[in-house]
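Peer 1: could you look at this predicted model? Sequence included:
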Amino acid sequence: MEDKKKATQRLAKYSGLAFQLLAFIGVGYFIGSWIDETWKAKIPYGTALGATAFLIIGLIYVLRDVMREK
């Protein structure tokens, strides 16, 4: 019974990490698009850079959290 409880807790934790990673990417996207609108960029480099940068930051966050588990 306890194994089932631990499995459920891990599932909840890791699914939460997936949503946190999506939130990181979303924040980066909106910051980048705001920069593009502010600078009136014709090519959305700010959006691409913001989403990519926050993806990397989010992956680092997720990996640190997963490594802390062990």
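Peer 2: Perfect, I can see it now.
Peer 1: the longest helix along the chain: how far from the chain's middle?
Peer 2: Among all segments of the chain classified by DSSP state H, the helix with the greatest residue count is helix 2-39. The chain centroid and the centroid of helix 2-39 are separated by 4 Å under CA atoms, centre = their mean, to the nearest Å.
Peer 1: can you spell out which helices and strands pack onto that helix?
Peer 2: Using 3 or more CB pairs under 8 Å, 6 or more residues apart in numbering; DSSP states H and E as the contact criterion, the elements in contact with helix 2-39 are helix 45-69. Backbone N, C-alpha and C define where each C-beta goes, glycine included.
Peer 1: I'd like the distance between the closest residue to residue 29 other than its chain neighbours and residue 2.
Peer 2: Residue nearest to residue 29 in three dimensions, not counting chain neighbours: residue 51, with 4.6 Å by CB to CB, 6 or more residues apart in numbering. Between residue 51 and residue 2 the distance is 41 Å, computed by CB to CB, to the nearest Å.
Peer 1: look at these two and report which has more neighbours.
Peer 2: Neighbours around residue 51 and residue 2, counted as other CB atoms under 10 Å, are more numerous at residue 51. The numbers are 21 against 6.
Peer 1: quick one: the more buried one and residue 35 touch, right?
Peer 2: No: applying CB atoms under 8 Å as the test, residue 51 and residue 35 come out as separate, 11.5 Å apart.
Peer 1: ok so, going back, and the residue nearest to residue 29, what pLDDT?
Peer 2: Per-residue confidence (pLDDT) for residue 51: 97.
Peer 1: how close does it sit to residue 66?
Peer 2: Look at residue 51 and residue 66: by CB to CB, they are 22 Å apart.
Peer 1: ok, now residue 19?
Peer 2: Relative to residue 66, residue 19 is positioned 15 Å away (CB to CB).
Peer 1: higher neighbour count, these two?
Peer 2: Under the criterion of other CB under 10 Å, the comparison of residue 19 against residue 66 puts residue 66 first, with 12 against 9.
Peer 1: so how many other residues sit close to the closest residue to that one other than its chain neighbours?
Peer 2: With CB to CB, 6+ apart as the criterion, residue 66 has its nearest non-adjacent residue at 7.4 Å, and that residue is residue 17. Here the count is done by other CB under 10 Å, and residue 17 has 16 residues near it.
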